[in-house]
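Make a model of this:
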Amino acid sequence: MTENDPSAHDPAAPRHPETGQQPAQGGWAGHPYGEQSQPETGGAPQYSEPSYHAVTGADPTYGGQPANPWSAQGAQMPSGQTQQSVYPPPNSYGQPGTAGYPVATPPAPKRSGGKLLAGVALVALLVGGIAGGTVGYFTAGSSGPAGNALDAPKPAQQTGNAPAGSVEAVAQKLSPSVVELQVSGQQGAGEGSGFVISTDGYILTNNHVVEVAANGGQIQAVFQDGKKAAAKVVGRDPTTDIAVVKVSGVGNLTPVELGRSDDLRVGQSVVAIGSPFELAGTVTSGIVSSLHRPVRAGGSSGDQTTVMDAVQTDAAINPGNSGGPLANMAGQVIGINSAIYSPQSASGGGQGGSEGGNVGIGFAIPIDQARRTADTIIKTGQAVQTYIGAQVKDAPQGGAELGAITAGSPAEKAGLKAGDVVTKIDDRPIDSADTLVAAVRTRAPDEKATFTLADGRTVEVTLGGQPVQPN
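Just a heads-up that it's a prediction; the model follows:
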């Protein structure tokens with residue numbers, strides 16, 4: 001037998017158990033290690049570019065500006081298609097930007113080769129047949145009656161409370177406080193999630209969930225027990241993707257318990273609750289995958305870019321989960337589910353694609369930031385954005401390079417100049433413009449922060465606050 005002659009026979013090769021013949025090239029017919037299945041299409045595998053988008057259900061259509069890899073929700077189109085919104089890089093730090101809405105189309109599933117699977121199925125059948133014959137032999141030799149699971153009595157019904165610290169316990173505690181928000185307006189309709197934060201009807205959610213209904217639209221809150229109530233927007237902040245709405249005429253509301261996000265640890269267990277694809281009350285679980293992840297998402301074509309200092313999780317989050325709670329195992333809310341990473345198909349973005357789904361990478365707004373913003377909105381009807389008053393861009397050597405400095409701004413008062421490159425804020429490394437924006441926006445106005453520059457200088461900056469004017 002030669003290496004280059006596949007038709008030659010090897011005397012030492014195995015023979016067929018009945019005919020004594022040696023197998024042709026590739027093994028016996030039907031053998032799992034015989035003919036190998038080939039891909040149904042030729043060429044190298046195709047890989048797709050990622051996009052990040054908010055996780056509401058269907059949302060409105062806005063403009064046709066260029067796609068950005070950090071995108072928001074898709075719009076429910078009459079034909080059943082959806083589209084997604086994105087945010088371009090901000091025009092200036094602390095200044096409004098504009099955005100377009102591309103669509104990420106998930107890649108088509110690939111089919112498995114039939115011949116290889118058929119061979120594996122044959123092996124399974126052969127093993128099952130041998131085992132079946134053995135079992136039959138022992139059964140036939142026994143004089144006792146055959147057992148039947150259908151004749152066995154039902155086990156005792158579950159009673160008592162769920163074990164403390166379990167997913168079940170968190171679901172029981174939080175579910176009555178989570179609502180589905182159905183929204184509509186002149187530019188479209190959609191749905192998302194939210195959660196009750198007060199007995200008098202305040203509900204915390206994402207800006208991108210309710211923005212379509214902000215100017216004369218309608219919002220309906222659907223509670224776990226099936227009750228429905230109209231809601232109105234109290235205030236919203238596109239820069240942090242946070243909004244507060246309020247329902248009236250509904251009694252016995254159960255507010256959530258808010259936790260804290262400044263002591264979260266990577267690897268700790270979390271639970272997400274919301275209404276993915278209009279499946280209200282869906283509960284999923286996972287872990288905290290990463291912290292302080294700068295993420296762009298949310299907002300509409302006329303709103304400022306959202307850059308959040310996100311909590312990353314692998315708990316399943318899908319379109320419709322936006323605005324729902326991410327909780328620790330004590331049932332305390334530690335984040336607001338807001339965006340997901342979704343690979344974009346090779347065909348690219350554009351209108352007419354389908355919504356992305358969970359791939360195990362979701363992002364939530366830290367509850368410490370959301371609590372401060374919501375409190376300001378409820379008390380004043382308006383959010384306040386933390387800022388330094390400087391344009392910012394990625395520095396070629398790493399860090400965030402400052403551009404034009406606004407006169408009278410916190411940056412000018414601290415002595416920062418255009419061209420300065422920020423590499424650290426307090427103990428947090430700054431490797432990009434988005435990281436600087438996220439790090440500043442998570443802090444409160446009037447808070448002091450030490451900026452470390454690339455040339456080794458340190459500058460103390462007293463952060464400013466400015467009202468947010470959503471469109």
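
Could you list every helix and strand in contact with the one helix or strand Phe451 maps to?
According to DSSP states H and E, Phe451 maps onto strand 448-453. Under the contact criterion of 3 or more CB pairs under 8 Å, 6 or more residues apart in numbering; DSSP states H and E, strand 448-453 touches strand 421-425, strand 458-462. Using the backbone N, CA and C atoms, a C-beta is placed for each residue, glycine as well.

Highest average neighbour count across those: which stretch is it?
Across the helices and strands packed on strand 448-453, averaging neighbours per residue (mean count of other CB atoms under 10 Å) puts strand 421-425 on top, at a mean of 20.

show me where pLDDT drops low in the protein?
1-143, 297-304, 344-356, 471 (pLDDT under 70).

What segments of it are helices?
Assigned by DSSP state H, the helices in the chain fall at 114-140, 167-174, 207-210, 367-380, 410-414, 433-441.

residues of the second one that come out buried?
Of all the residues in helix 167-174, those buried under the rule 16 or more other CB atoms under 10 Å are 167, 169-171, 173-174.

Given the lengthiest strand in the chain, what are its sheet partners and their directions?
Using DSSP state E to define each element, the chain has its longest strand at strand 282-296. Counting by DSSP bridges, the strands paired with strand 282-296 are strand 269-274 (antiparallel), strand 307-313 (antiparallel).

What lies in contact with the strand holding Phe451?
414, 416, 420-426, 440, 443, 458-463 (CB atoms under 8 Å, 6 or more residues apart in numbering).

Same list (the strands paired with strand 282-296) but as a markdown table, adding distance to His208.
Shown next, in a markdown table, are those (distance: least, CB to CB, whole Å):
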| stretch | distance to His208 |
| --- | --- |
| strand 269-274 | 14 |
| strand 307-313 | 12 |
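
now those as CSV including distance to Pro470 and mean neighbour count?
Output for the strands paired with strand 282-296, formatted as CSV (distance: least, CB to CB, whole Å; neighbours: other CB atoms under 10 Å):
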stretch, distance to Pro470, mean neighbour count
strand 269-274, 23, 25
strand 307-313, 16, 26
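
buried sites along stretch 200-215?
201-214.

actually stretch 215-233, not the one I wrote
Result for stretch 215-233 [16+ other CB under 10 Å]: buried residues 217, 219-224, 229, 231, 233.

which one of the residues you listed sits closest to Asp394?
Checking the buried residues of stretch 215-233 against Asp394 with CB to CB, the nearest one is Val233 at 34.5 Å.

Please look at that closest one and Val210 and confirm they touch.
Yes - contact criterion CB atoms under 8 Å: Val233 and Val210 qualify, at 5.7 Å.

any common contacting residues for those two?
What both Val233 and Val210 touch, as defined by CB under 8 Å, 6+ apart, is the set 219, 243, 245.

mind listing what the first one touches?
Meaning Ile219. 181-183, 210, 213, 230-233, 245.

Return the subset of these lying in strands.
181-183, 230-233, 245.

in stretch 252-270, what counts as buried?
253-254, 256, 258-259, 261, 264, 269-270.

hmm, I was thinking of stretch 402-417
Buried-residue list, stretch 402-417, by 16+ other CB under 10 Å: 402, 405-406, 409-411, 414, 416.

follow-up on the earlier one: for the strands paired with strand 282-296, which one sits closest to Thr284?
Per CB to CB, nearest to Thr284 of these: strand 269-274, 5.0 Å.

Residues touching the closest one, excluding its own?
167, 170-171, 174-175, 178, 192-193, 281-288, 313, 315-317, 320-329, 334-335, 337, 362.

can we see that at 6 Å?
167, 170, 174, 178, 193, 283-285, 287-288, 313, 315, 317, 321, 324-327, 329, 337 (CB atoms under 6 Å, 6 or more residues apart in numbering).

same deal with stretch 368-386?
By CB under 6 Å, 6+ apart, stretch 368-386 touches 204, 234-235, 237, 239-240, 242, 244, 258, 260-262, 336, 440-443, 445, 463, 465-468.

could you redo the last one with a cut-off of 7 Å?
197, 202, 204, 234-235, 237, 239-240, 242, 244, 258, 260-262, 336, 440-445, 463, 465-468 (CB atoms under 7 Å, 6 or more residues apart in numbering).

mind checking how far Arg371 is from Pro467?
Using CB to CB, to the nearest Å, Arg371 is found at 19 Å from Pro467.

Can you measure across stretch 262-271, start residue to end residue?
From its first residue to its last, stretch 262-271 covers 18 Å (CA to CA, to the nearest Å).

coming back round to it: mind putting the helices and strands packed on strand 448-453 into CSV with distance to Gly274?
Shown next, in CSV, are the helices and strands packed on strand 448-453 (distance: least, CB to CB, whole Å):
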stretch, distance to Gly274
strand 421-425, 32
strand 458-462, 37
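
And the ones you listed: which comes nearest Asp309?
Minimum separation from Asp309 across those (CB to CB) falls at strand 421-425, 11.3 Å.

residues of the longest strand of the chain that come out buried?
The neighbour-count check on strand 282-296 (16+ other CB under 10 Å) flags 282-286, 288-289, 292-296 as buried.

between those, which is nearest Tyr387?
Nearest to Tyr387 among those, with distances taken as CB to CB, is Pro294, at 15.9 Å.

partner residues bridging the closest one?
Pro294 has the following beta-bridge partners by DSSP bridges: Asp309.

That one contacts Val311, doesn't it?
No - using CB atoms under 7 Å, Pro294 is not in contact with Val311; the gap is 11.9 Å.

What count of nearby residues applies to the nearest residue to Val222 once chain neighbours are set aside?
Excluding the flanking residues, the one nearest Val222 by CB to CB, 6 or more residues apart in numbering is Glu180, at 4.4 Å. Number of residues near Glu180 (other CB atoms under 10 Å) recorded here: 24.

ok, residues contacting stretch 248-268?
Contacts of stretch 248-268 (CB under 7 Å, 6+ apart): 174, 176-177, 195-199, 201, 227, 229, 287-291, 311, 325, 328, 331-335, 366-368, 371.

what distance separates the start and the end of that stretch?
End-to-end for stretch 248-268, by CA to CA: 37 Å.
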